[in-house]
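>>> Structure, please.
(4 chains)
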Protein chains: 2
Amino acid sequence: MSEDDRAVARERIIESMEQSAEVYGLSRSAGRIYGVLYFSDEPLSIPELVDETGYAKSTISNVTRTLTRIGLIHRRSSAGGGRRVQYTAEREIWFILQDVFQQYVQREIQTTLRTIQRAQAQLPDESETEGERIEELRDTYEDLQEIVTLASNFTAAELRDALESYDR
Amino acid sequence: MSEDDRAVARERIIESMEQSAEVYGLSRSAGRIYGVLYFSDEPLSIPELVDETGYAKSTISNVTRTLTRIGLIHRRSSAGGGRRVQYTAEREIWFILQDVFQQYVQREIQTTLRTIQRAQAQLPDESETEGERIEELRDTYEDLQEIVTLASNFTAAELRDALESYDR
DNA sequence: CTGTTTGTTCGGTTCACTCCGAACAACCGA
DNA sequence: TCGGTTGTTCGGAGTGAACCGAACAAACAG
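Residues are numbered from 1 along each chain as shown, chains lettered A, B, ... in the order given. Next up is the predicted model:
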């Protein structure tokens, strides 16, 4: 009974992770695979993940690669046994979010900013409406870049503290 | 020539907005429609947006609705003239990001947190591994919720200042 | 060397999403 | 009342992504 309850609770949270994965632009399978690894006591191999999740081997292979690249899970090659690679979940969610920020948000901001700067360079300084709009955009994106750069170097606790203790 | 250059610069930035839209989970058409409105001096009606973007009327109708719901553009019913509804872009990007955070990120965090709490309530306090994992998750999400709540009440300048002046 | 286990790659299917065109509803001016 | 304009809704075509199964490559055990 308590065993069942625990399984139900675990399943609910994994379903929630599936949904979160979709919000962050990943597939549902990615959420489930991460969830199973999150609750697993030991590292799991691909065949074990197939058993636990019900997905096809090829799906597990593809998804684990992208999850590894993003940094949500870690890959260990266990040289010893028959099984060759094993996966563990990164449990420090703050690290994951930092990575997402660094890799996606910051990158997105940077390319946009570069486009704006290039467009601005081509327009000589006749301050038409167009020019002002672009100027506005540039200022905003420079602010954003600064904020994200700073924030991504903080720990969660530091960030929270910085915000809580700030007196306007 | 300068006219052409300006058009080219504008087009580049709008293309960049199309790409950003995809990153944020919107369609390319949403990015273009927002971009055209961003650079327009006056509010535009749906037929005018059809001319400017080349999209079908129905597409404009659907996309403007979702953009309005999200808060990226504003809808004005100009009671006077023949045209009935007109749209303007929200140019304060920080407002947009705040809304996104409030509506999506915070909501996502809250539902996850609620799921975790409910799961935790069902498990009595036998501190098994499962229980510890869930406890861990809960702490993290409570931190996240606090951070997002605080951050979404700051202006961009305040946030930047808070981060820059924080001394660890 | 042969059989088994593991992991990757490739082609195909299914499904959701985007966008379009057509039909419809609401409203205005003659 | 009747055309003209505007906006919404609906069904369908095209497209991309998720996932699967099969084929293939690599490594180990016997």
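>>> For the rest of this, base every contact and every neighbour count on C-alpha atoms.
OK.
>>> Could you find the closest non-adjacent residue to the one residue sitting closest to the centre of chain A?
Closest to where the C-alpha atoms of chain A average out (Cα atoms, centre = their mean) is A:V100, at 3.8 Å. The shortest distance from A:V100 to any non-neighbouring residue, by Cα to Cα, 6 or more residues apart in numbering or on different chains, is to A:I70 (7.6 Å).
>>> Between the two ends of stretch A:22-41, how far is it?
End-to-end distance for stretch A:22-41: 25 Å, by Cα to Cα, to the nearest Å.
>>> Is that stretch positioned near chain B?
Yes: against chain B, stretch A:22-41 shows contacts by Cα under 8 Å from any Cα of the partner chain at A:25, A:39, A:41.
>>> Run through who's touching stretch A:54-72.
A:29-30, A:33-34, A:46-47, A:49-50, A:73-75, A:89-90, A:96, A:99-100 (Cα atoms under 8 Å, 6 or more residues apart in numbering or on different chains).
>>> again with stretch A:34-44
A:10, A:13-14, A:17-18, A:49, A:52-53, A:72-73, A:86-91, B:129-130, B:133.
>>> can you list the weak-confidence ranges in chain A?
Residue ranges of chain A with pLDDT under 70: A:1-2, A:78-83, A:124-127.
>>> quick one: the strands in it?
For chain A, the strands defined by DSSP state E occupy A:73-77, A:85-89.
>>> how distant is the last one from the center of its chain?
It refers to strand A:85-89. In terms of Cα atoms, centre = their mean, to the nearest Å, the centre of strand A:85-89 is found 17 Å from the chain centre.
>>> got it, and stretch A:121-140?
Counting by Cα atoms, centre = their mean, stretch A:121-140 is centred 34 Å from the centre of its parent chain.
>>> cool, and stretch A:68-80?
16 Å.
>>> Tell me the buried residues in that stretch?
A:68, A:71-75 (16 or more other Cα atoms under 10 Å in any protein chain shown).
>>> Identify the residues contacting A:T155.
A:W94.
>>> Next one: it from chain B, what distance?
11 Å (Cα to the nearest Cα, to the nearest Å).
>>> domain ranges for chain A?
With automatic domain parsing as the criterion, the domains of chain A are listed as A:2-89, A:93-165.
>>> What is the burial count for A:D139?
12 (other Cα atoms under 10 Å in any protein chain shown).
>>> got it, and A:E128?
The number of residues near A:E128, taken as other Cα under 10 Å, comes to 10.
>>> Would you check how far apart it and DNA strand C are?
Distance, A:E128 to DNA strand C, by Cα to the nearest atom of the strand, to the nearest Å: 30 Å.
>>> And for A:E11?
Taken as Cα to the nearest atom of the strand, the span from A:E11 to DNA strand C is 21 Å.
>>> Run a quick neighbour tally on that residue.
That count, for A:E11 with other Cα under 10 Å as the rule, works out to 16.
>>> likewise A:E158?
16.
>>> That one - nearest residue in space that isn't next to it in sequence?
Using Cα to Cα, 6+ apart, the closest residue to A:E158 is B:R168 (7.3 Å).
>>> got it, and A:Q98?
Leaving out its chain neighbours, the residue that sits closest to A:Q98 by Cα to Cα, 6+ apart is A:S152, at 5.6 Å.
>>> A:V85 now?
A:S77 (4.3 Å).
>>> got the contact list for the one you found?
With Cα under 8 Å, 6+ apart, A:S77 has these contacts: A:84-86.
>>> can you pick the most crowded of these?
That'd be A:Q86 among the contacts of A:S77, by other Cα under 10 Å, with 18 neighbours.
>>> That one and A:D41, how far apart?
Counting by Cα to Cα, the gap from A:Q86 to A:D41 is 13 Å.
>>> residues of stretch A:142-155 that come out buried?
So stretch A:142-155, judged by 16+ other Cα under 10 Å, has buried residues A:143-145, A:147-148, A:151-152, A:154.
>>> Next, give me the two most distant ones among the residues you listed.
A:D143 and A:F154 (17.3 Å; Cα to Cα).
>>> on that earlier part again, mind checking which of the contacts of stretch A:34-44 are in helices?
When the contacts of stretch A:34-44 are checked against helices (DSSP state H), the matches are A:10, A:13-14, A:17-18, A:49, A:52-53, B:129-130, B:133.
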